[in-house]
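J.: just to be clear, the model below is a prediction. Sequence and coordinates:
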Amino acid sequence: MDDSARTRNLRPRLVLASATMLFVELALIRWTGANIVHLSYFSNFILLGSFLGIGLGFLIPAGRGQWLTRWAPVPLAVLVVLVREFPVQVRQTSGEVIYFTAVKTTGLPQWVTLPILFGLVALIMMAIGKMTADLFRQLPSLDAYRYDLLGSLAGSLSFAALSWLRAPSVVWGILAAVALLVLGGRHNTVRYAVPLAAVVAALTLESLASGISWSPYYKIELKRPSSGSRDYKISANGVPHQSIAPLKVLRRSDSPYEEPYRETPANPHRRVLVIGAGNGNDVAVALAHGAQRVDAVEIDPRLRQIGADLHPDRPYDDPRVHVHIDDGRAFLERTDARYDLVVLALPDSLTLVSGASNLRLESYLFTRQAFEAAHRHLAPGGAFAMYNYYRQNWLIDRYGSTLSTVFGHAPCITHYGGKKAAILVAGATPGDQRCATAWRPSGPVPAAATDDHPFPYLLHRTIPSLYLWVLGAILLVTVVSVRLTGVRVRRTVRYTDMFLLGAAFMLLETKNVIGFALYFGTTWLVNAIVFAGVMLAVLGAVETRRRMRRVNQSVLQLLLFATLAVSWLVPTHWVLGLPVAARLIAAIALAFAPIFCANLIFSDRLAAAPDPTAAFGANLLGALTGGTLEYLALVTGYQALLLVVAGLYVGACIAMRFTRHTRGPAEPVERVTVEPTARP
């Protein structure tokens, strides 16, 4: 076979390997979070483990580590069978942050559970990364990375499509198994078939289990009523989440569903907005009170479908109900409607927006700016209500204080089922509410959550000790693992600039994911579009660099800092105030211009590196460090992360001036590659 034919055969295999790598990464984040109780609150650990494994797979020199590719499916089978047959849990007790759950875990402590999971995920991704790297090395670097990006884009879009279709986990397993069998080749068919069959069998049993279905966010389990009960129970990711009850139960005197109506007797309740409509309980109550129109906003289409199919009062069949499958905050920012009553109906989620952040799906619903948006949408005489089992009095006080500030008076508060379960009702004016008890602080009141610091469940601006311990362990494992692959840490010192570029880029990517979540909602679709946009921006930088004969680093650096300065200076509320089309244009420009410039700088620097392996190792350490630096947002807020990004890039630019003498002869353009941290 001549070289051109061999190259043509390599390209589709590289696309398949890259697509498989990203697909398995995304599947591991979703599946482990769905099956390991509370791990959905720690999914960024799985992302960091995946990234470490991929990086190590690329760092292993050619001709070494062939045992990884021979036994690639084995660690995947071990993880799946371990989780399915021996329930693993992550305990969530903490005095610093609240995790919404009704499960008392009995699993091993975090310091045992998380390292085991991290190690298995890293080993799985290292094997697939080694497969990809072996193909990557056989093509010119820039050409190889172009097809790697195309594969990554295909893997991301494929998983997004399965999320949209709400495909069960066995479909994920079958697709991954077929791809791995193709990549393993004929000589590994039997060796791969046994562990992959175990994976598919375990996922088949899970998918066929009674009451199990998947949404874009959760693994949902529906439990039918027991004898003497009419209530359906809905669990999400192994945690009790919602229940379906008939109107006669919902309208009892001690029901939280009735309290907003009792405390606003003069309100006509003609037009009602329910955010977190779920299975339809709040919608049914609004209709029972004579609502002429109910806008039911629910982020999860599967929860809405369950309510439409099973709710005894059929609220979603009523023509007065208008369903919006959307993020509640995004709906508030887009609609022009005004309501007699806005209800925040148990919208606490059990998962994070993405594997790269600490933002939960509902975080932007509980900021001061969100309460202000709800206040703006109240009709004259209208009211706002929210209720939940809040777990801690300080969380009730945070919301009560924020509502008092926004509405100009204290809201009503009614406790039910214990002092930590409460309903808060705030009329547009004091005369629009009738309280038996007005809210008063029970102790020191925590500061309000804001769009810049959207962490309502975090008591103080601090990084919880659990996170610090685990992140420290991850960084230690990273350093040791890189050393074991044959890359000497001392040799990477001359690539300090590469380390800083990796840290800055990973942090910048995460900041942009968070920004889009605020501007357009925390839905899975927005998240998928952002990741695809990052890869397209990187691909655009590759194509631009290929067409440039010379690169002026000083000019590129000035452009990078100019785009970062614009992102820093443009306030988020200004972008939120734009019409949707203009908001999209502004968000794309603010997010992707720095990414484009950063990848031009990185690709040019890597082209001249005399030791690309050491350079890549330094960048890997930096990328993982950037992933851990996202936790600084718990202290500083997200906008301040741009200052950290700028500081890292300043350090990288300074370091470049001191490392120029280490550069070897300039390589041809075809040898250029792009920053590996661009992979979501």
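T.: Arrived safely, thanks for sending.
J.: hey, let's count contacts and neighbours off CA atoms from now on
T.: Fine.
J.: how close does the residue lying closest to Phe520 once chain neighbours are set aside sit to Ile275?
T.: Take Phe520 and drop its neighbours on the chain: the residue closest to it by C-alpha to C-alpha, 6 or more residues apart in numbering is Ala330, 5.6 Å away. Plainly put, Ala330 is 11 Å away from Ile275 if you go by C-alpha to C-alpha, to the nearest Å.
J.: neighbour-wise, which of the two wins?
T.: A count of neighbours by other C-alpha atoms under 10 Å puts Ile275 above the other of Ala330 and Ile275, at 28 against 20.
J.: still on that earlier bit, report all helices and strands that the strand or helix carrying the residue nearest to Phe520 contacts.
T.: Assigned by DSSP states H and E, Ala330 belongs to helix 328-334. For helix 328-334, the packing partners by 3 or more C-alpha pairs under 8 Å, 6 or more residues apart in numbering; DSSP states H and E come out as strand 293-298, helix 368-376, helix 496-520.
J.: if you set the cut-off to 7 Å instead, what comes out?
T.: helix 368-376 (3 or more C-alpha pairs under 7 Å, 6 or more residues apart in numbering; DSSP states H and E).
J.: neighbouring strands for the very next helix or strand once past the helix it packs on, and are they parallel or not?
T.: Sequence-wise, the next helix or strand downstream of helix 368-376 (DSSP H and E) is strand 378-389. Next to strand 378-389 in the sheet, as set by DSSP bridges, lie strand 339-345 (parallel), strand 421-427 (antiparallel).
J.: out of the ones you listed, nearest to Leu14?
T.: strand 339-345 (47.2 Å; C-alpha to C-alpha).
J.: between that closest one and helix 368-376, how big is the angle?
T.: For strand 339-345 against helix 368-376, the angle by axes from the mean of the first three to the mean of the last three C-alpha atoms, to 10 degrees is 150 degrees.
J.: which SS state does Val272 fall under?
T.: The assignment at Val272 comes out as strand when based on DSSP: H, G, I helix; E, B strand; the rest coil.
J.: for Ile124, which of the strands paired with strand 378-389 is the nearest?
T.: For these, the distance to Ile124 is smallest for strand 339-345, at 40.0 Å, taking C-alpha to C-alpha.
J.: if we can go back for a sec, so how far is the helix holding Ala330 off the chain centroid?
T.: Mean C-alpha position of helix 328-334 versus that of the full chain (C-alpha atoms, centre = their mean, to the nearest Å) differs by 19 Å.
J.: okay, buried residues for it please.
T.: By neighbour count with 16 or more other C-alpha atoms under 10 Å, helix 328-334 contains the buried residues 328-333.
J.: output those residues in a markdown table, with pLDDT and distance to Pro168 appended to each entry.
T.: Output for those, formatted as a markdown table (pLDDT from 0 to 100; distance: C-alpha to C-alpha, whole Å):
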| residue | pLDDT | distance to Pro168 |
| --- | --- | --- |
| Gly328 | 93 | 26 |
| Arg329 | 94 | 29 |
| Ala330 | 92 | 28 |
| Phe331 | 94 | 29 |
| Leu332 | 94 | 32 |
| Glu333 | 92 | 33 |
